[in-house]
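[1] Dropping the sequence and predicted coords here.
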Amino acid sequence: MAGKIIADTIETGAGADIPTSYVVNGSAKAWGGDMTDSAVAGDSFNISSITDSGTGINQPSWSSAFNNADYSSTTAATNPTNTSGQNRAACIFLVSTSSMKIQTFRSDTAAASSVGHNFVSFGDLA
Amino acid sequence: MNTPEFKGTHLWDRLCWAKENLDPHQSDYRVVYEDSLDECAKILVPDPNWMAAAMQGGILPPVWVYWELAKDEAKPDFKKHTRGYLLHETEPMGPMTEEAAIEYLIMKDCPESVWKTYNVGNRPKMVICTKQQLPQTREWRNAWKISEDLEVAA
C-alpha cells in the first residue's frame, strides 16, 4: 500500500514535539558502501563519481554539495570476504563542500592496495 | 517511469526519488586524467546511481551551477555557500545519453585546468576509455601515467 505522511512535527512517547526537519537534517547526506580501491562502490547515495587517485586513495564527489567544509564524515577500511581483514585502517583528508579524499592502509605493510572502505557523511547541505 | 515534475525541489530530495525508483547503471566508461606532474594518473569512475539519474533526466541541475558554487568556494573569505538555491531552483537537465552524461561529469568532477585544456600542449592530459582498456592489475599503481604515444585530439 502506498501512502504519504505530511507532518511538521513528530511527538515522542514522552510527549515532546520534534520538528520533522530535525529528523531529516540528522540523516546521512552521503554514503558509500564496499568501495574498492579501483573506485567502484557496492552501493552509494549522493555521489556523482569516485576518483581512484592512487594506491588506496579514493575521492567521492557529491551530487548535492555540502553547505561548508565542516561536515562530519567517518570511514572504515573493509574487506568483507577476507577472514584476515582486521588489520585495516582508513582516514579522510582534503575535504571540500564538493568532495573529500579517503586513504586506506594495511597495518602490516606500507602498501594500501586491495583494501576496500565504507564511509558516511553528515552535515548541512548547500 | 516518468520523472515527477520537480520545481524548486531540493536536489537531495530529487536524488532520494532517483535512488528509490531507478535501477543503477554501471558505465564501462572511465576518465583518466593528470592534474599534476608529480602525481600519478587519476581515474574517474561514474557512480551507477548518478548515471541512472543523468540518463533519466529531470533530476540533475545544469553543470554550470556547480561551477558557480566552485567559484564561491575558491574565494579566500569563503565560509559557507550562500547560493545553494542554484542547485535546487535551476531547471533540471533533460535526459542525457551515456556519453553526454560522461561529458557532464568531466566538467563537474575533473579539475577545470584539465578539461578546459585537455587538447592543448604536447602530451594528453585526459583520456576517456573503457574499463577494459585500463591495466587489469593495480601493480605499480602510483606510477601510472597516460601514454605519450596517444595523439592529442584536435
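    Sure, I can see it.
[2] Do me a favour and get the end-to-end distance for stretch A:105-122?
    From its first residue to its last, stretch A:105-122 covers 24 Å (CA to CA, to the nearest Å).
[3] who in chain A is up against chain B?
    Counting by CB under 8 Å from any CB of the partner chain, the residues of chain A close to chain B are A:29, A:37-41, A:44-55, A:59, A:61, A:63-65, A:67-69, A:96-99, A:113-114, A:125-126. In this view, the C-beta of every residue, glycine as well, is placed from N, C-alpha and C.
[4] out of these, which are buried?
    The neighbour-count criterion (16 or more other CB atoms under 10 Å in any protein chain shown) marks A:29, A:37-41, A:44-55, A:59, A:61, A:63-65, A:67-69, A:96-99, A:113-114, A:125-126 among these as buried.
[5] what residues are up against residue 26?
    Reading this off chain A. Contact analysis of A:G26 by CB atoms under 8 Å, 6 or more residues apart in numbering or on different chains lists A:F122.
[6] should've been chain B
    Applying CB under 8 Å, 6+ apart, we find B:Q26 in contact with A:V40, B:P48, B:M51.
[7] got those as JSON lines, with secondary structure columns?
    Output for these, formatted as JSON lines (DSSP: H, G, I helix; E, B strand; the rest coil):
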{"residue": "A:V40", "secondary structure": "coil"}
{"residue": "B:P48", "secondary structure": "helix"}
{"residue": "B:M51", "secondary structure": "helix"}
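[8] Reformat the residues you listed as TSV; add pLDDT and distance to B:G58.
    Formatted as TSV, the contacts of B:Q26 follow (pLDDT from 0 to 100; distance: CB to CB, whole Å):
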residue	pLDDT	distance to B:G58
A:V40	80	26
B:P48	96	18
B:M51	97	15
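[9] Can you tell me which of the residues you listed is nearest A:G13?
    Closest approach between these and A:G13, by CB to CB: B:P48, at 39.9 Å.
[10] Narrow the residues of chain A next to chain B to those in strands?
    Judged by DSSP state E, these include A:S44, A:F45, A:I47, A:S48, A:S49, A:I50, A:T51, A:D52, A:S53, A:G54, A:Q59, A:S61 as members of strands.
[11] Among those, which one sits closest to A:P19?
    A:F45 (22.9 Å).
[12] Would you confirm that that closest one contacts B:E20?
    No. Using CB atoms under 8 Å, A:F45 is not in contact with B:E20; the gap is 10.5 Å.
[13] how close does the one residue in chain B that gets nearest to chain A sit to B:E5?
    Here chain B gets closest to chain A at one residue, B:G84, 3.1 Å apart by CB to the nearest CB. According to CB to CB, to the nearest Å, B:G84 stands 21 Å off from B:E5.
[14] now B:C40
    To B:E5, B:C40 is 44 Å away according to CB to CB.
[15] Name the residue in these two with the higher neighbour count.
    Per other CB atoms under 10 Å in any protein chain shown, whichever of B:C40 and B:E5 has more neighbours is B:C40, with 18 against 8.
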